[in-house]
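Peer 1: predicted coordinates and the sequence they were generated for:
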Amino acid sequence: MIGQFARLLAALTLALSAVAASAQAQAQDAATRQRPNVIVVLMDDVGFSSDSTFGGPVPTPVLDALAQDGLTYNRFHVTAMCSPTRAALLTGRNHHRVEMGVIVNLVRDEPGFRTVIPDSAATIADVLRASGYATAMLGKNHLTPLAEQTAAGPFDRWPTGLGFDYFYGFMDGASDQFRPILIENTTVIDPVPDPAVDPDYILDRDLADHAITWIDRVRGAAPDRPFFLYLAPGTRHEPHQAPEEWRARFRGQFDEGWDVLRERTFARQLAMGLVPPGTRMTPRPDLIPAWDSLSADEQRVAARMMEVYAGMRAHFDYQFGRIVEELRAQGQLDNTLILFVDGDNGASGEGGPGGTTLGLLNRPAEDDAYRLAAIDEIGTERHGTNYNVGWTWALNTPYPWFKQHASYLGGTRAGLVVSWPQGLAGSSTGLRSQYGHITDIAPTIYEAAGVTMPESFAGVEQLPLDGTSLLYSFADPQAPSRHTTQYYEMLGNVGIYQDGWLANLGPPNVIFAPQYGREKHWELYDLDTDFAQAQDVAALYPERLARLQALWEQQQAANGFSFAARGNVGEGLLQSQREAFAGPRRLTYRRGEGPFLDGAFPSLPGRSWRLSVPVTVSEGAQGTIISQGGFPFGWGLYLIDGRPSYVHVNEPEAPLLLQGPALVAGQHDIVLDVAPVGDPVPGGPTRFRLLVDGELVAETQLERTVRAHWGGNGVGIGREVGMVMLPETGKPFVFTGEIGPITLELE
């Protein structure tokens, strides 16, 4: 009897425990259902005054509508470059503390600059996924160390290793909009294997399609599960490209130039209340030419570049609107927290005074005549355009300087729009002027989602967050700023902020003028009364400046890095690329392995290398053996009408087509031997020799070759990927024979 009672008591206890557990689970499910969905959008290289939302010339009606019903922040800040801002956003920690003091392409073996996010800095995606959220990243990553971008990984710092269930996008700092090479989770793909099948492909539409599909799948499989979507388009990093209809919408709208544009933008900002009355607009630096000093042809080209830029941004706004409307149709928009960060840094000045249709890194011999001849191709897949620095200056109104310049608001101040109808109910919408920083995004999301950043994650003690939640400002537009101290450092450009005061080293380092900014001095600005950073008051407040200088030293120590002035970013990038596969080595590649990312393939300019390929062909065989890049920069080994052919494309130079006689049917060994002439200098004189079955069949020498960068179009084996190299070969140009193991020997 006693035994029966004991068993009954145990069963009753178990049942009560089960009821309690069920009730707890139901409560947790209910809490999960009430949590907001979260969408973070991070634009690329967008100036503070680019979009109509912030007084700019580019109409962004979707963002305007979100701002109208939500919040607009006019004192929000980023780090001044791509990877550092992205790391600070996703982790909530300062960029040097998570080893991202530079973009991943500029990795240095120094504390704060190793570009390897530590396990002690769990991301928003990590934390939200552990709390029941579905997570996805779409678009630009630019956080994976170069050495880890191969097919062998490791994949810990790919997006799927940083807390994201799903990733669809690109790894590097920029991507072609028409012919990108993308990653789906950890697989490299060419989304346009045959342009004839999808001639109208454009990346921003593809990203919007994937966002809508992913949201639909999550909602279909688990309707009550909240989601976190991080959408990071390449728009508007160069190359500036857009569909023809979107480029055409802005034809003639910028013919009055950047001086007039900046004045009109400033007037709109004052009228909208984005800029306080009495603000002084900063003057145009001497490095930027006046619009009226340009010739008529120079103005035509410059105006076209700005038209393309505007079309690119407006097109993304439309695509983002499709995502917003999908949320509305599903009844999800009211409880979706959207944080739209309108730029990872200020507008880019990397196009220089004349703009560029070929990019900056290869330093091509591009002149005004070349740009004028290409005017009708600007914005198409044929060119990697970046506009004139005059437009950069106009799109950073009213601030001085631009991207990379962490010492000036033109590099660090970005617009922020917050939309959350359910969460903002009862609060006044409109302008918020609290000081904010990109590290504030993570704690804002955690507070909104009811999630606490754990002290330990995956068994690793976590670094404390550096950011401050902005949720306090949602309800009270007049609340004092809670983020009161923030340091800035990027490529030797330095600033330190505290309680409304900013001290900085100036003038800045300028990418297209390497000698500029070598002689620096400390400046001081009272940003509470000087919204645009226009009046240096260092001479009036030497004691305050001294306190901020001491604080700057403290911040270096607290964030684990040591400041040293750095050289020009272009030179640093070239050096990093050359070091990625330094030293002699022998590498083997096989058909079917590709496409490869550029970061997973050796950097070839300025060094000796030898490519050996056994092939088996029928008479008249043709196709791609191996190629990297495309137009306007690329190289490839082909059979064209049966003839072994080496192609080297280096605009604006004439392309090289080095060919031997047609092969007879059977097995052959093809060798391409490449060696610098004289001292090995990237972009310098180079000899090319083509051998078949041990016999030299063709050779030549080029005085100017590709200096550094093949355009980010990847490496294809057995077929073309990314951009087409030569119009006569087309794409996919599949090799019709057999390709044995390809051996690449590097000296």
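Peer 2: That came through, no problem.
Peer 1: kindly export the strand or helix carrying residue 340 (C-alpha atoms) in CSV.
Peer 2: Element membership of residue 340, judged by DSSP states H and E, is strand 336-342. Output in CSV follows, covering the C-alpha atoms of strand 336-342 (Å, rounded to 0.1, in the frame of the first residue of the first chain):
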residue,chain,number,x,y,z
THR,A,336,8.9,44.8,-37.4
LEU,A,337,11.7,47.0,-36.1
ILE,A,338,13.5,48.5,-39.1
LEU,A,339,16.8,50.2,-38.5
PHE,A,340,17.9,51.8,-41.8
VAL,A,341,21.5,53.0,-41.5
ASP,A,342,22.0,55.2,-44.6
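Peer 1: which residues are contacting the next helix or strand after it?
Peer 2: Proceeding N to C from strand 336-342, the next assigned helix or strand is helix 368-373, under DSSP H and E. Under the contact criterion Cβ atoms under 8 Å, 6 or more residues apart in numbering, helix 368-373 has outside partners 295, 297-298, 300-301, 354-357, 378, 652. (Glycine included, C-beta is placed from N, CA and C.)
Peer 1: again, 7 Å this time
Peer 2: 297-298, 301, 354-355, 357, 652 (Cβ atoms under 7 Å, 6 or more residues apart in numbering).
Peer 1: and what of stretch 610-621?
Peer 2: By Cβ under 7 Å, 6+ apart, stretch 610-621 touches 625, 637, 639, 641-642, 663-665, 667-673, 736-740, 742-745.
Peer 1: swap in stretch 469-489?
Peer 2: 71, 77, 80, 101, 406-407, 412, 423-424, 427-428, 430, 432, 434-437, 440, 443-444, 447-448, 468, 494-499, 552, 555, 559, 563.
Peer 1: please enumerate the helices of the stretch 101-250 of the chain.
Peer 2: According to DSSP state H, counting those that start in this stretch, the stretch 101-250 of the chain carries its helices in the segments 124-130, 203-221, 244-248.
Peer 1: run a quick neighbour tally on residue 622.
Peer 2: For residue 622, the count of nearby residues is 19 (other Cβ atoms under 10 Å).
Peer 1: helix, strand or coil for the closest residue in space to residue 745 that isn't next to it in sequence?
Peer 2: Using Cβ to Cβ, 6 or more residues apart in numbering and skipping residues adjacent in sequence, the residue nearest residue 745 is residue 610, 4.5 Å away. What DSSP: H, G, I helix; E, B strand; the rest coil gives for residue 610 is strand.
Peer 1: so what sits opposite residue 610 in the bridge?
Peer 2: residue 673, residue 745 (DSSP bridges).
Peer 1: okay, and which of the contacts of stretch 610-621 map to helices?
Peer 2: Among the contacts of stretch 610-621, no residue falls in helices (DSSP state H).
Peer 1: just the buried ones from those, in PyMOL syntax?
Peer 2: Burial among the contacts of stretch 610-621 is assessed by 16 or more other Cβ atoms under 10 Å; the matching PyMOL selection reads:
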select buried, resi 625+637+639+642+663+668+670+671+672+673+737+739+742+744
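Peer 1: out of the contacts of stretch 610-621, list just those in strands.
Peer 2: 625, 637, 639, 667-673, 738-739, 742-745 (DSSP state E).
Peer 1: for the spatially most central residue of the chain, give me its contacts.
Peer 2: Nearest to the mean C-alpha position of the chain, by Cα atoms, centre = their mean, lies residue 173 at 4.4 Å. Going by Cβ under 7 Å, 6+ apart, residue 173 touches 82, 103, 105, 142, 237.
Peer 1: and the next element down the chain from the helix or strand of the chain with the lowest mean pLDDT?
Peer 2: Every helix and strand of the chain was ranked by mean pLDDT, DSSP states H and E. The lowest is helix 2-34, at a mean of 42. Using DSSP H and E, the helix or strand that follows helix 2-34 in sequence is strand 37-42.
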